[in-house]
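# The amino acid sequence is not available; the structure is as follows:
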Ligand code: OVV
C-alpha cells in the first residue's frame with residue numbers, strides 16, 4: 001500500500017523555507033509515497049532514492065528530471081544532452097564532459113583554486129561584519145569556475161541568474177518558476193552566446209569540450225549544448241554548497257574548532273555539509289514501465305520525486321542524522337546523485353569546498369554570525385540570499 005499525502009507541497013514557500021519537519025513526515029509515511037496534489041510518487045528515504053538512481057532503465061531522465069513530463073509538455077529550453085538524456089545518447093555526452101573533468105584536470109586546477117581561496121579568505125578575515133554570500137560564496141565560484149571554463153569576465157553575473165532559473169524550472173509552474181523565467185531573455189541569450197567555441201578562451205575547459213565533442217562526432221551546436229550543461233550546473237550549486245558550509249560552521253562553533261585544529265578535515269567537512277544541507281535538494285525520474293521501488297509498485301510513465309536532501313538525514317542510514325559532525329564519514333550521501341548521472345563535476349565542487357574550508361582554517365580563528373541570514377527560495381536549490389558573518393582573524 002502506498003501512503004497518500006493529499007496536501008504536502010514540496011515547492012511551497014513554507015516547505016522550502018524549512019523542509020526538515022516535512023522530510024521526516026515523508027520518510028516515516030513509507031519508502032514511497034503519493035503526493036496527490038501533483039499526482040506524483042516521491043521518496044525521501046536513502047535506500048529507495050539510491051535504488052531509483054541506480055536503475056536508469058526503469059527510472060529514466062529523458063522525460064525530464066523536473067516535474068514536467070517532456071513526453072506530454074514542451075520543455076522550456078532544448079533538453080540537456082547530459083542531464084535529460086538516457087543511454088546510449090547520455091553515455092556519449094558523458095564521455096566528452098567527464099574527459100574534461102578528469103582527475104588530471106583537477107590536479108592542474110588545484111594550485112589556482114587554492115591560491116584564490118587563500119587570497120580571498122585572508123582579505124575577508126578582518127573581524128568586521130560582511131555578507132558572506134555576496135563577498136565569498138558568490139564571488140569564489142564565479143571567479144575560479146569561469147576562469148577554468150574560459151568564460152569572458154564581462155557579464156559573468158548572468159551565470160547566477162541563469163542557474164537559479166534552471167533549478168527553479170525543475171519545479172511546477174509556481175511563482176518561483178514564473179518569476180525566474182520572466183524577463184530572462186537577455187540572460188539566456190548571453191549564456192547561449194558564451195557556449196559557442198569562438199567566445200571561449202582557447203585551452204579552457206569550454207574549448208576542451210568543443211575539441212573532444214568534435215572528435216566524438218558531435219556538431220558544433222551540440223558541443224555548445226554540452227558547454228551549456230557546464231554553465232547551468234557549475235556555479236550556483238557550489239555557491240550554495242559554500243554558503244551552506246559557512247552557515248553550518250558559524251552555527252556549530254565546536255565543529256569549526258575541530259576543523260581549525262585539523263585543516264585536513266576540510267574535505268570531509270564539506271562532504272558533511274552536502275549531507276546535512278544539500279544544495280541540490282531534489283531531482284525527478286520518470287518510470288519507463290511498471291516497477292517496484294523498495295516494495296512499492298509504481299505504474300509506467302509516472303513521475304517520481306527523489307528527495308536527495310531528505311535521504312541525507314534518513315535515520316535508517318545515518319546515526320544521529322540531524323547532528324552536523326565534521327568527523328563523520330558522510331560519503332555515500334546522494335547530494336551528488338548516484339549512478340550514471342552522478343554529478344560529473346563533483347571533483348571540481350569538492351576542490352572548491354576543500355580550498356575554501358582549508359583557507360578558513362588557516363586564517364580564521366572564529367566564524368561568528370553577525371545577524372540573521374536571509375533565505376533564498378528555489379524549487380530545487382537550498383541556500384541563502386544573504387549571510388552576515390564576522391571572520392575573526394587568527395594565526396595559521
Ligand atoms: C546537474 C545539472 C543541473 C542543471 C542543468 C544541467 C545539469 C544541464 O545539463 O544542463
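That came through, no problem. This is a predicted model, so every value here is computed, not measured.

# Report the helix or strand with the lowest average pLDDT across the chain.
Of the helices and strands making up the chain, the lowest-confidence element is strand 3-5, at a mean of 89, by mean pLDDT, DSSP states H and E.

# What are the contacting residues of the next helix or strand after it?
Sequence-wise, the next helix or strand downstream of strand 3-5 (DSSP states H and E) is helix 13-17. Residues outside helix 13-17 that contact it (CB atoms under 8 Å, 6 or more residues apart in numbering): 8-10, 22, 375, 377-379, 382. For glycine as for every other residue, the C-beta is placed from the backbone atoms N, C-alpha and C.

# now do 7 Å
Helix 13-17 is touched from outside by 9, 22, 375, 377, with contacts defined as CB atoms under 7 Å, 6 or more residues apart in numbering.

# Which neighbours in the sheet does the least confident helix or strand of the chain have, and how are they oriented?
In the sheet containing strand 3-5, the strands it pairs with under DSSP bridges are strand 33-35 (parallel).

# that older thread, next, the buried residues of the least confident helix or strand of the chain.
Of the residues in strand 3-5, those buried under the neighbour-count criterion (16 or more other CB atoms under 10 Å) are residue 5.

# How far does it sit from its chain's centre?
Strand 3-5 has its average C-alpha position 28 Å from the chain's average C-alpha position, going by CA atoms, centre = their mean, to the nearest Å.

# List the contacts of the closest residue to residue 8 other than its chain neighbours.
For residue 8, ignoring the flanking residues on the chain, the nearest one in space by CB to CB, 6 or more residues apart in numbering is residue 35 at 5.6 Å. Taking CB under 7 Å, 6+ apart as the criterion, residue 35 is in contact with 5, 8, 42.

# closest to the ligand among the residues you listed?
Closest approach between the contacts of residue 35 and the ligand, by CB to the nearest ligand atom: residue 42, at 19.4 Å.

# hang on, that closest one is in a strand, isn't it?
Yes: the assignment for residue 42 is a strand, going by DSSP: H, G, I helix; E, B strand; the rest coil.

# if I pick it, what's in contact with it?
Taking CB under 7 Å, 6+ apart as the definition of contact, the neighbours of residue 42 are 26, 33, 35, 304-305, 307.

# tell me what the longest helix anywhere in the chain is packed against?
In terms of residue count, the longest helix belonging to the chain (DSSP state H) is helix 103-124. Helices and strands touching helix 103-124, by 3 or more CB pairs under 7 Å, 6 or more residues apart in numbering; DSSP states H and E, are helix 139-149, helix 346-363.

# try it again with 10 Å
When contacts are defined as 3 or more CB pairs under 10 Å, 6 or more residues apart in numbering; DSSP states H and E, helix 103-124 sits against helix 139-149, helix 205-215, helix 346-363, strand 364-369, strand 388-393.

# Quick one: closest of those to the ligand.
Per CB to the nearest ligand atom, nearest to the ligand of the helices and strands packed on helix 103-124: helix 346-363, 10.4 Å.

# For the nearest residue to residue 372 once chain neighbours are set aside, give the beta-bridge partners.
Using CB to CB, 6+ apart and skipping the chain neighbours, the partner closest in space to residue 372 is residue 388 (7.6 Å). Listed beta-bridge partners, residue 388: residue 131 (assigned using DSSP bridges).

# What parts of the chain come near the ligand?
Residues of the chain lying close to the ligand by CB under 6 Å from any ligand atom are 80, 82-83, 166, 228-229, 232-233.

# The residue of the stretch 251-396 of the chain found nearest the ligand: what secondary structure?
Using CB to the nearest ligand atom, the closest approach of the stretch 251-396 of the chain to the ligand is made by residue 343 at 6.5 Å. With three-state DSSP as the basis, the three-state label of residue 343 is coil.

# residues in contact with the residue lying closest to it once chain neighbours are set aside?
Of all residues not flanking residue 343 in the chain, residue 336 sits nearest, at 3.9 Å (CB to CB, 6+ apart). Shown in contact with residue 336 (CB atoms under 10 Å, 6 or more residues apart in numbering): 237, 271, 274, 278, 280, 308, 342-346, 349-350.

# Filter those down to the buried ones.
For these, buried by 16+ other CB under 10 Å: 237, 271, 274, 278, 280, 308, 343-345, 349-350.

# Tabulate those residues (TSV), appending distance to residue 1.
Listed next are the buried ones among the contacts of residue 336 as TSV, based on distance: CB to CB, whole Å:
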residue	distance to residue 1
237	37
271	36
274	33
278	29
280	30
308	25
343	34
344	38
345	40
349	39
350	41
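
# Just send these back as TSV, with pLDDT too.
Rendered in TSV, the data for the buried ones among the contacts of residue 336 read as follows (pLDDT from 0 to 100):
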residue	pLDDT
237	98
271	98
274	98
278	98
280	98
308	98
343	98
344	98
345	98
349	98
350	98
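
# quick revisit: residue contacts, the residue nearest to residue 372?
The contact partners of residue 388, taken as CB under 10 Å, 6+ apart, are 129-133, 250, 368-374.

# Would you mark the buried spots in whichever helix or strand residue 250 is part of?
Residue 250 belongs to helix 236-251 when elements are defined using DSSP H and E. Neighbour-count burial for helix 236-251 flags 236-250 (criterion: 16+ other CB under 10 Å).

# of all these, which comes closest to the ligand?
Nearest to the ligand, judged by CB to the nearest ligand atom, of those is residue 237 at 7.3 Å.

# pretty sure the residue nearest to residue 343 is in a helix, no?
No: with three-state DSSP as the criterion, residue 336 is coil rather than part of a helix.

# Tell me the confidence at it?
Listed pLDDT for residue 336 reads 98.

# The residue of the stretch 251-396 of the chain closest to the ligand against residue 237, yeah?
Yes: under the criterion of CB atoms under 10 Å, residue 343 lies in contact with residue 237, with a separation of 8.0 Å.
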